[in-house]
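Engineer: Any chance you can model this:
(chains A and B)
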Amino acid sequence: DQQVKQNSPSLSVQEGRISILNCDYTNSMFDYFLWYKKYPAEGPTFLISISSIKDKNEDGRFTVFLNKSAKHLSLHIVPSQPGDSAVYFCAARYYGNNRLAFGKGNQVVVIP
Amino acid sequence: GAGVSQSPSNKVTEKGKDVELRCDPISGHTALYWYRQSLGQGLEFLIYFQGNSAPDKSGLPSDRFSAERTGGSVSTLTIQRTQQEDSAVYLCASSLDGARGTDTQYFGPGTRLTVL
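Structural biologist: Alright, predicted model coming up:
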């Protein structure tokens, strides 16, 4: 049972425009959410996170929004750059446990 | 500094054979995790080691899977009597202190396992 869901498997966006990735979750026991970025033949690298007590966290070009009542989070990348082309995974941590549940990932292609 | 390393990077084996996958975590990290990513799927949690505590094995899919962590550092994931559905990329991650909860997990490049 997929507790973290990422729809729209791929996204193409022009360089300089905004990329928006969405993630939905079903488990109310998740208390911490993360986005990871993955290039081919490499492991995922941590990008940005948000605690369930917040609704927004910003780090440079990356902003994560959390809507706890809707069990929805999104990642905004603005402006998008060609180096942002990668697979992005949404992940959630179970309260009291450090294991992560991951979505299936979104492929982002930034067109120069 | 050195990141998480895994070996081998690729492993092809025949159905029914045993395989061992190795993970070297970042030096000083007390927490170590194994995940796997099957084709078209997200990362699936397998097992988590925290210091000297008993590991969280709740993600292991069957008793053919086992893992150990020697001396609180290197870890080996063993799959016995491999099946074709075991084909996946096996990823190892480590973090400074898993008990802190908001610890960042740093991933290795993974081992791509193909079972023929």
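
Engineer: alpha carbons only for contacts and neighbour counts from here, please
Structural biologist: Noted.

Engineer: show me what contacts the spatially closest residue to residue B:57 that is not a sequence neighbour?
Structural biologist: Closest residue in space to residue B:57, ignoring its immediate chain neighbours: residue B:47 at 4.7 Å, by CA to CA, 6 or more residues apart in numbering or on different chains. If a contact means CA atoms under 8 Å, 6 or more residues apart in numbering or on different chains, then residue B:47 has B:33-35, B:55-60, B:67 as its contacts.

Engineer: Over to residue A:9?
Structural biologist: When contacts are counted by CA under 8 Å, 6+ apart, residue A:9 touches A:105-107.

Engineer: what do you get for residue B:112?
Structural biologist: B:9-11, B:87-90.

Engineer: just to revisit the earlier point, show me the two of the contacts of residue B:47 that sit farthest apart.
Structural biologist: B:35 and B:55 (13.9 Å; CA to CA).

Engineer: Comparing those two, which residue is more hemmed in?
Structural biologist: Between residue B:35 and residue B:55, residue B:35 has the larger neighbour count (other CA atoms under 10 Å in any protein chain shown), namely 24 against 17.

Engineer: Can you give me the neighbour number for the spatially closest residue to residue B:40 that is not a sequence neighbour?
Structural biologist: Closest residue in space to residue B:40, ignoring its immediate chain neighbours: residue A:104 at 6.9 Å, by CA to CA, 6+ apart. Neighbour count for residue A:104, taken as other CA under 10 Å: 25.

Engineer: Nice, that's everything, thank you.
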